[in-house]
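Novice: with the sequence up front, the predicted model follows.
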Amino acid sequence: MHLDPYTIIKAAQITEKLTTANERSNVYGFKVDRRANKIQIRQAVESIWGVKVVGVRTMIRKGKPRRVKANWTHQPDWKRALVKLAEGQRIES
């Protein structure tokens, strides 16, 4: 299965915890396609931003219940990737 790099990387995750991880150990968080594996995520980040990726960690995050007027629905599960870049590499926003 071949996915486009812009289909694999859906959005950047910007949280307080990821911001401190970025400052300490050069780790960035992304919301990615559920079908993408670690190799595809690595290749997508390297091709989009032109950086060297050292490691990729992934996790499936559970969707939260949401209320829409009187009904309760459930957000779908999604996949997060934590990407560690080589020393001296940076992704500019």
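Specialist: Ah, there it is. Residues are numbered from 1 along each chain as shown.
Novice: state the distance from residue 28 to residue 53.
Specialist: Separation of residue 28 from residue 53 (C-beta to C-beta, to the nearest Å): 10 Å. Yep, even glycine has a C-beta here, placed from its N, CA and C like the rest.
Novice: an error on my part: the question was meant for residue 22.
Specialist: The gap separating residue 22 from residue 53 is 14 Å, by C-beta to C-beta.
Novice: quick one, which of the two is more surrounded?
Specialist: More neighbours surround residue 53 than the other of residue 22 and residue 53, with 19 against 16 (other C-beta atoms under 10 Å).
Novice: the residue most central in space within the chain in helix, strand or coil?
Specialist: Central residue of the chain (C-alpha atoms, centre = their mean): residue 30, 1.8 Å from the mean position. State at residue 30, reduced to three classes by DSSP: H, G, I helix; E, B strand; the rest coil: strand.
Novice: same question, residue 47
Specialist: At residue 47 the chain is in helix, as set by three-state DSSP.
Novice: would you mind measuring from it to residue 31?
Specialist: From residue 47 across to residue 31, the span is 18 Å (C-beta to C-beta).
Novice: residues in a beta bridge with the residue nearest to the centre of the chain, which ones?
Specialist: With DSSP bridges as the criterion, residue 30 is bridged to residue 12, residue 81.
Novice: which of the helices and strands in the chain ranks last by mean pLDDT?
Specialist: One helix or strand of the chain scores below all others by mean pLDDT, DSSP states H and E: helix 16-25, with a mean of 92.
Novice: quick one: list the elements packing against it.
Specialist: Contacts defined by 3 or more C-beta pairs under 8 Å, 6 or more residues apart in numbering; DSSP states H and E place helix 16-25 against strand 27-32, strand 78-85.
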